[in-house]
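Asks: Quick one: sequence plus predicted model below, questions after.
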Amino acid sequence: MDRQRLDKWLWYARVVRTRSSAAALVEAGHVRVNGERTRTPSRPVHSGDVITIAFDQVVRVLKVVGFAERRGSPAAARALFADLSQTRG
């Protein structure tokens, strides 16, 4: 697998609780892929893409490193991305 729908990837990576929440987040304009805002949940993402997600007060920056065929455990979800977000310390 070399690509996956954005909404599916967000759900499989456990960024959101439901796939419909992933689609709503994208449609609301809170997601950027490689710096470009997208409103299309079906947009394909590829390995190496950088996804920026803006939540209420938090911005997460994730680099796609893998794909899944189904939603797995939290440990399996963490294997799908590298977290590039700035950590406050």
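Replies: Looks like it came in fine.
Asks: Tell me which other helices or strands the helix ranked longest in the chain touches.
Replies: In the chain, taking DSSP state H as the definition, the longest helix is helix 19-27. When contacts are defined as 3 or more Cβ pairs under 8 Å, 6 or more residues apart in numbering; DSSP states H and E, helix 19-27 packs onto helix 6-12. Where you see a C-beta, it was placed from the backbone N, CA and C, and this is true even at glycine.
Asks: Can you name every helix or strand that the helix it packs on contacts?
Replies: Other helices and strands packing on helix 6-12, by 3+ Cβ pairs under 8 Å, 6+ apart, are helix 19-27, strand 31-33, strand 44-46, strand 50-54.
Asks: Just give me how far the longest helix of the chain sits from the chain centre.
Replies: Distance of helix 19-27 from its chain centroid, counting by Cα atoms, centre = their mean, to the nearest Å, is 10 Å.
Asks: And for stretch 62-70?
Replies: Distance of stretch 62-70 from the chain centroid (Cα atoms, centre = their mean) equals 8 Å.
Asks: And it, end to end?
Replies: From its first residue to its last, stretch 62-70 covers 19 Å (Cα to Cα, to the nearest Å).
Asks: quick revisit: deepest-packed of the helices and strands packed on helix 6-12, please.
Replies: Compared across the helices and strands packed on helix 6-12, strand 31-33 shows the largest average neighbour count, a mean of 20 (mean count of other Cβ atoms under 10 Å).
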